[in-house]
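**Q** Here is a sequence with its predicted model. Questions after.
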Amino acid sequence: MKFTWFNLMPWPYLPDDFREKNRSVWVDIDQKLFDPAKSHEVYNTYMDLLEYADTLGFDGVGVNEHHQNGYGIMPSPNIIAAGLARRTKDAAIVVLGNSIALYNPPVRVAEEFAMLDCISGGRLVAGFPVGTSMDTNYCYGQIPSLTREKYQEAHDLIIKAWTTREPFAFNGRYNKLRHVNIWPRPIQQPHPPVHIPGGGSVETYDFCIDNTYSYSYLSFSGYLRAQALMNGYWKRVEERGVDKSPYRAGFAQTILVADTDEEAERLYSEHVSYFYNRCLHVYPGFADAPGYRTIKTIQTGALSQYGRPQGFTELTWKDLVEQGHVIAGSPETVRQRMEDLCKGLNVGNIFCLMHVGNMPADKCMYSTKLFAEKVMPKLRGMFPDWESDNRFWTTPLEKRVTSGRLPKEAPTSADLAKTYALEAGE
């Protein structure tokens, strides 16, 4: 099992009457609700929590990209990842990811991901999401019916840039480049492992199978409702005649741990309510622009999880827990339900959403530590037959440098003379 501690970075200061006075948390959210001075503390606390997860033995720390919203204030995950690459030691830097159809040209992604892989010593997991309709079509103005075509071309250009050892010309419909010759290029060869975050588009199944990418279903509806979609994915894997390694798939799950089930509700219910009823308050008109989803996907009923007309206001803590939206409770309760999730969905990559809504850092650290010490070790050996399958994870350098290696004082002239005289003598 691979466990990634994931932070959406929601804005924690949305007012109590946010739903009543604001049409949407995304796209046209009121600018006055953002306080740049407060964001200084918010960003640094969120990065501290990601770094804390590395010290507890999580396999990865995860970030992603969204625009013009209070659900996740991370328009550039690469900026956050650059800080994490310097300040973490062992965890993979999981960027899920860059919405590659939005970059002009997409070689920018190839370059920045290569930088992250080099800085981290080969710890990058690259993610290529299409991006939500809110981000791609409404915030960044991409034509909905062309978004996936642009995405495919961007993907092909990035992979070719990573794997080609001489300059080449690229003559696509959306990108025409006479000289592609990226410097730097990634440590991991032929390129970093790629995870494809998805929300239910069935064409993504074949794309992942064709390229040996991990399909990651990111859902806030919980693992019970994800069963049908993931069954469809594994059915397609079987039809294609490839192996059913659990590491071909990943799942994002909200997880909250306390000493007892009762304490979990007492500590975390207000923050869960904040997230589901404010951070997921998306105007339905923004959630699925006409043409954004393919006909095949619409026919399956796999539409956006955002933009529910009634939101989640009708769901109590009990509803959210029993329906699998949230896995919460004592370490043993969480272990049992996580085991059901992993086995039921056959997923080897778990993206742990352990910071929720406006949760303060102390509660988050408490929950994270309990999960790392009392739950995660008991789930490690879930899929022994696939223990050696590392196609979908990082292969870092064995000897990696650490940040802050310079001496506290600069050398003197005499120090330099002595050092380089010795080298000359050698």
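**A** All right, it came through fine.
**Q** Identify each buried residue in whichever strand or helix holds residue 179, please.
**A** Residue 179 is located in strand 176-180, with elements delineated by DSSP states H and E. Residues 177, 180 are the ones in strand 176-180 that count as buried (16 or more other Cβ atoms under 10 Å). Heads up, the C-betas are built off the backbone N, CA and C, glycines and all.
**Q** quick one: the helix or strand that comes right after that strand to chain centroid distance?
**A** Next along the chain after strand 176-180, taking DSSP H and E as the criterion, comes strand 194-198. Mean-position distance between strand 194-198 and its chain equals 9 Å (Cα atoms, centre = their mean, to the nearest Å).
**Q** partner strands of strand 194-198, parallel or antiparallel?
**A** Applying DSSP bridges to the sheet, strand 194-198 is found paired with strand 124-127 (parallel), strand 214-218 (parallel).
**Q** Let me have these in CSV, extended by mean neighbour count.
**A** Converted to CSV, these look like this (neighbours: other Cβ atoms under 10 Å):
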stretch, mean neighbour count
strand 124-127, 28
strand 214-218, 24
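**Q** okay, those strands in CSV with mean pLDDT next?
**A** Compiled in CSV, the strands paired with strand 194-198 are given as follows (pLDDT from 0 to 100):
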stretch, mean pLDDT
strand 124-127, 98
strand 214-218, 93
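**Q** so which of those gets nearest residue 180?
**A** For residue 180, the closest of the strands paired with strand 194-198 is strand 124-127, at 17.7 Å, according to Cβ to Cβ.
**Q** Let me see the residues that make contact with that closest one.
**A** By Cβ atoms under 8 Å, 6 or more residues apart in numbering, the list of residues contacting strand 124-127 from outside reads 60, 64, 81, 92-98, 113, 116-117, 186, 188, 191-197, 216, 393-394.
**Q** rerun at 7 Å
**A** For strand 124-127, the external contacting residues (Cβ atoms under 7 Å, 6 or more residues apart in numbering) are 60, 92-97, 113, 116-117, 192-195, 197, 394.
**Q** now do stretch 393-411
**A** Here stretch 393-411 has contacts from 2, 86, 87, 92, 121, 122, 123, 124, 125, 187, 188, 193, using Cβ under 7 Å, 6+ apart.
**Q** ok, back up a step: show the average pLDDT along the strand holding residue 179.
**A** The pLDDT scores in strand 176-180 average 98.
**Q** so how far is it from its chain's centroid?
**A** 30 Å.
**Q** Chain neighbours aside, what residue packs nearest to residue 222?
**A** Spatially, and ignoring its direct neighbours in sequence, residue 222 is nearest to residue 324 (3.2 Å; Cβ to Cβ, 6 or more residues apart in numbering).
**Q** next one: residue 115
**A** residue 184 (6.2 Å).
**Q** Centroid-nearest residue for this protein?
**A** residue 96 (3.4 Å; Cα atoms, centre = their mean).
**Q** What does the pLDDT read for that one?
**A** 95.
**Q** now do residue 200
**A** 65.
**Q** and what of the one 4 residues further on?
**A** The predicted local distance difference test score for residue 204 is 89.
**Q** CA-only coordinates of the helix or strand that contains it, as CSV, when you get a sec.
**A** Using DSSP H and E, residue 204 falls within helix 203-211. C-alpha atoms of helix 203-211 as CSV (Å, rounded to 0.1, in the frame of the first residue of the first chain):
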residue,chain,number,x,y,z
GLU,A,203,-12.3,7.2,-21.8
THR,A,204,-9.7,7.8,-19.1
TYR,A,205,-9.7,4.0,-18.4
ASP,A,206,-8.2,3.1,-21.8
PHE,A,207,-5.8,6.1,-21.6
CYS,A,208,-4.3,4.8,-18.4
ILE,A,209,-4.1,1.2,-19.6
ASP,A,210,-2.5,2.2,-22.9
ASN,A,211,0.2,4.2,-21.1
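**Q** tell me which strands and helices it is in contact with?
**A** strand 194-198, strand 214-218, helix 227-240 (3 or more Cβ pairs under 7 Å, 6 or more residues apart in numbering; DSSP states H and E).
**Q** Can you check which of the ones you listed gets nearest to residue 207?
**A** That would be, of the helices and strands packed on helix 203-211 and by Cβ to Cβ, strand 194-198, which comes in at 6.7 Å.
**Q** Return the set of buried residues in the closest one.
**A** 194, 195, 196, 197, 198.
**Q** residues touching the second one, list them.
**A** Translated: residue 195. 96, 125, 127, 213, 214, 216, 250.
**Q** Likewise for residue 123?
**A** With Cβ under 7 Å, 6+ apart, residue 123 has these contacts: 92, 93, 394, 396.
**Q** Ok, residue 194 next?
**A** 126, 128, 213.
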